[in-house]
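Student: just need the structure, nothing else, for what follows:
(2 chains)
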Protein chains: 2
Amino acid sequence: MPRTPTGESVLARAVRVLAAFTADEPTLTVGEVARRSGLHVATASRLVAELVAHGLLERGPDRRVRVGVRLWELAARASPTVSLRDAAMPFLEDVHAVVGHHVQLGVLDGEDVLFLERLSARDAVVNFSRIAGRLALPTSSSGLVLLAHAPLDLQERVLARPLHPVSPAGFGSAAQLRTALAEVRRTQAAVLAGHQHPDATGVAVPVRDGRGEVVAALSVIVPNDGRGATLVPLLSATARGISRALRTPAA
Amino acid sequence: MPRTPTGESVLARAVRVLAAFTADEPTLTVGEVARRSGLHVATASRLVAELVAHGLLERGPDRRVRVGVRLWELAARASPTVSLRDAAMPFLEDVHAVVGHHVQLGVLDGEDVLFLERLSARDAVVNFSRIAGRLALPTSSSGLVLLAHAPLDLQERVLARPLHPVSPAGFGSAAQLRTALAEVRRTQAAVLAGHQHPDATGVAVPVRDGRGEVVAALSVIVPNDGRGATLVPLLSATARGISRALRTPAA
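Tutor: Numbering: from 1, shown residues only, chains lettered A, B, ... in the order given. As a prediction, this is how the structure comes out:
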């Protein structure tokens, strides 16, 4: 690959440019792109121009830049998660129709839960997840389910590091987290009241593929009223339906 | 930008590699990537390796390559269509709960309709659209709605070219298409029976933003039983709901 004078490849720099755009700040000036990606303005400007030429970025009438529809299309049409998401979607809709609030599907990616899908109601309780957003594994019910079924070396890595609970109810010690993970494996569900926000409870269950491997977490975020655990049977039955759909793809 | 000996930039080649993956063939060998992207195998191999290193592609246990979760994340989290999709989603769910079959949201991109979202039932009628998939404007109800409200130069470009109907019921002449576009503008709906497949009817209406501009098409694909037009009032009312949600984003 051709490399720039500093030795970093063009692709590496292009990835840094794309990573500068987030859900909170989806449009940026070229100067902001340069600052966030740690590139000289001239370099960022050239890269942005080429990414725009290929449709991977788009320039608005105000000269601000954003992710292009073409990038979304390339990523979404052959996404590795599309079959999981497609299989799960009718079931997510059913849960959403019955429970309201937020229904989510998340997968393990690195040391985070990455949310593939989220259905929300307009008057739903506070929730910090988003589609294509991430949360740290020990802070969310989905993350706890995925961590409890993750390879042991990943579990030990997470347990060995300082925990950073995001609310007073969150796990502050490895011992607490270890107990919770064992409980998730025993009950096949995680119910976390107030771990992300004092007003919300997360309830998550594992989704297994045809070989019995946990491939996702199905979760709901509901008000923190002490009744979260009553939703576990509904979620568990729904997760079985998703597993069945994964084994027998629709025509 | 550093350029290869043939004058094409690394980014241009990387885009050709990414474009080789489709919904029908989401996993490819390096040889297949080379063939589809028109690159030498050695060049394709180097590019694939670097894209894998950045997580934009992933290599499976069988050495086949596919789009990486990281690419999906970069594209989806700051997608320009995320606010439209988020505003529309609760309304799509409502229509889907009532009508079943397929409910879709599509936008104009170039000279195609690009589908942002599709909710389907397992026993639904045949349908060729997909999420992040495209259909030619004159062949689908969504496309017809978008074309009817597109800039005049785009309409004339499409009308000036040979039409390629995909079923016997499709528009074969510019005169037919011109009449249909006028009818869509008059009725604010497109009902196309059997244009994509003899067994299916597409029914689409425009979705407008706060300034009254058409920004999307809301559509359903239902059996071709002559009753498609009865769904227009439901779709029109739903499109108004989406427009209202676009004007007043949720907190």
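Student: quick check, residue A:121 in contact with residue B:89.
Tutor: No - with contact defined as CB atoms under 8 Å, residue A:121 does not reach residue B:89; the gap is 10.3 Å. Backbone N, C-alpha and C define where each C-beta goes, glycine included.
Student: who has more neighbours out of the two?
Tutor: The residue with more neighbours, out of residue A:121 and residue B:89, is residue B:89; 22 against 15, by other CB atoms under 10 Å in any protein chain shown.
Student: residue contacts, the more buried one?
Tutor: Applying CB atoms under 8 Å, 6 or more residues apart in numbering or on different chains to residue B:89 gives the contacts A:119, A:120, B:117.
Student: do that again at 10 Å, thanks
Tutor: The contact partners of residue B:89, taken as CB atoms under 10 Å, 6 or more residues apart in numbering or on different chains, are A:96, A:117, A:118, A:119, A:120, A:131, B:105, B:116, B:117, B:119, B:242, B:245.
Student: and it, what helix or strand is that in?
Tutor: When secondary structure is defined using DSSP states H and E, the element that contains residue B:89 is helix B:82-99.
Student: wait, isn't residue A:115 in contact with residue A:146?
Tutor: No - Residue A:115 is beyond contact range of residue A:146, at 11.4 Å (criterion: CB atoms under 10 Å).
Student: shared neighbours of these two, which are they?
Tutor: Counting by CB under 10 Å, 6+ apart, the residues touching both residue A:115 and residue A:146 are A:106, A:107, A:109, A:140, A:217.
Student: tell me how many other residues crowd residue A:194.
Tutor: 15.
Student: quick one: contacts for it?
Tutor: Contacts here follow CB under 10 Å, 6+ apart; on that basis residue A:194 touches A:167, A:168, A:169, A:170, A:200, A:201, A:202, A:224.
Student: how close does it get to residue A:104?
Tutor: Noted for residue A:194: a distance of 17 Å to residue A:104, by CB to CB, to the nearest Å.
Student: ok, residue A:244 next?
Tutor: Here the distance between residue A:244 and residue A:104 works out to 20 Å (CB to CB).
Student: which one's more surrounded, those two?
Tutor: Summary of the neighbour comparison: residue A:244 and residue A:104, criterion other CB under 10 Å, with residue A:104 having more neighbours (30 against 12).
Student: element containing the more buried one?
Tutor: Secondary-structure assignment from DSSP H and E places residue A:104 in strand A:102-109.
Student: for chain B, what's its nearest residue on the stretch 101-250 of chain A.
Tutor: Residue nearest to chain B within the stretch 101-250 of chain A (CB to the nearest CB): residue A:132, separated by 3.7 Å.
Student: ok, now which ones touch that residue?
Tutor: Applying CB under 10 Å, 6+ apart to residue A:132 gives the contacts A:22-23, A:75, A:114-118, B:69, B:72-79, B:82.
Student: ok, of those, which come out buried?
Tutor: In terms of neighbour count (16 or more other CB atoms under 10 Å in any protein chain shown), the buried residues within those are A:75, A:114-118, B:69, B:72-79, B:82.
Student: wait, which of those residues is closest to residue A:33?
Tutor: residue B:78 (11.9 Å; CB to CB).
Student: residue A:162: neighbouring residues, count only.
Tutor: Every residue meeting other CB under 10 Å relative to residue A:162 is counted, giving 7.
Student: check contacts around it.
Tutor: With contact set as CB under 10 Å, 6+ apart, residue A:162 has these partners: A:172, A:173, A:174.
Student: touching, the second one and residue A:163? I think so.
Tutor: Yes - in this structure, residue A:173 sits in contact with residue A:163. The criterion is CB under 10 Å, and the distance is 7.0 Å.
Student: quick one on the thing from earlier: between residue A:121 and residue B:89, what contacts are shared?
Tutor: residue A:96.
Student: against which helices or strands is the helix or strand hosting residue A:153 packed?
Tutor: Here residue A:153 sits within helix A:152-160, counting by DSSP H and E. Contact analysis of helix A:152-160 by 3 or more CB pairs under 10 Å, 6 or more residues apart in numbering or on different chains; DSSP states H and E lists helix A:141-148, helix A:174-187 as its packing neighbours.
Student: most neighbours per residue, which of those?
Tutor: With neighbours defined as mean count of other CB atoms under 10 Å in any protein chain shown, those peak in mean count at helix A:141-148, which reaches a mean of 28.
Student: using PDB, write down the CA coordinates of that helix.
Tutor: Coordinates of each C-alpha in helix A:141-148 appear next as PDB, following Å, rounded to 0.1, in the frame of the first residue of the first chain:
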ATOM      1  CA  SER A 141     -28.000  -6.000  31.200                       C
ATOM      2  CA  SER A 142     -27.200  -7.000  27.500                       C
ATOM      3  CA  GLY A 143     -23.500  -6.700  28.200                       C
ATOM      4  CA  LEU A 144     -23.800  -8.900  31.300                       C
ATOM      5  CA  VAL A 145     -25.500 -11.600  29.400                       C
ATOM      6  CA  LEU A 146     -22.900 -11.500  26.700                       C
ATOM      7  CA  LEU A 147     -20.000 -11.400  29.100                       C
ATOM      8  CA  ALA A 148     -21.400 -14.300  31.200                       C
END
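Student: hmm, that helix touching chain B?
Tutor: No - no part of helix A:141-148 sits near chain B under the criterion CB under 10 Å from any CB of the partner chain; the closest distance found is 13.7 Å.
Student: the spatially most central residue of chain A in helix, strand or coil?
Tutor: Central residue check for chain A by CA atoms, centre = their mean: the C-alpha nearest the mean position is that of residue A:114, 2.0 Å away. Each residue gets one of three states, and residue A:114 gets strand by DSSP: H, G, I helix; E, B strand; the rest coil.
Student: ok, what's across the strand from it?
Tutor: Here residue A:114 sits in beta bridges with residue A:107, residue A:134, going by DSSP bridges.
Student: so which bits of the stretch 101-250 of chain A are right by chain B?
Tutor: Those residues of the stretch 101-250 of chain A that sit near chain B, judged by CB under 10 Å from any CB, are A:107, A:109-110, A:112, A:114-124, A:126, A:130-134, A:245, A:248, A:250.
Student: buried by neighbour count, from these: which ones?
Tutor: By the neighbour-count criterion of 16+ other CB under 10 Å, those include these buried positions: A:107, A:109, A:112, A:114-120, A:124, A:130-134, A:245.
Student: so what are the sheet partners of the strand or helix carrying residue A:203 and their directions?
Tutor: Assigned by DSSP H and E, residue A:203 falls within strand A:200-208. Strand partners for strand A:200-208, identified by DSSP bridges, are recorded as strand A:190-193 (antiparallel), strand A:214-223 (antiparallel).
Student: now the ones you listed as CSV including mean neighbour count?
Tutor: What follows is these, written out as CSV (neighbours: other CB atoms under 10 Å in any protein chain shown):
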stretch, mean neighbour count
strand A:190-193, 23
strand A:214-223, 25
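Student: switch the ones you listed over to TSV; also include mean pLDDT.
Tutor: Converted to TSV, these look like this (pLDDT from 0 to 100):
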stretch	mean pLDDT
strand A:190-193	97
strand A:214-223	96
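Student: run the chain-centre distance for stretch A:31-51.
Tutor: With CA atoms, centre = their mean, to the nearest Å as the basis, stretch A:31-51 stands 27 Å off its chain's centre.
Student: swap that for stretch A:172-181, sorry
Tutor: 22 Å.
Student: repeat for stretch A:16-30
Tutor: What separates the centre of stretch A:16-30 from the centre of its chain is 18 Å, taken as CA atoms, centre = their mean.
Student: and chain B, is that stretch touching that?
Tutor: Yes - judged by CB under 10 Å from any CB, stretch A:16-30 comes into contact with chain B at A:16-28.
Student: go ahead and build a ChimeraX selection from the buried members of those residues.
Tutor: In ChimeraX syntax, the buried subset of the residues of stretch A:16-30 next to chain B is picked out as below (16+ other CB under 10 Å):
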select /A:16,17,18,19,20,21,26,27,28
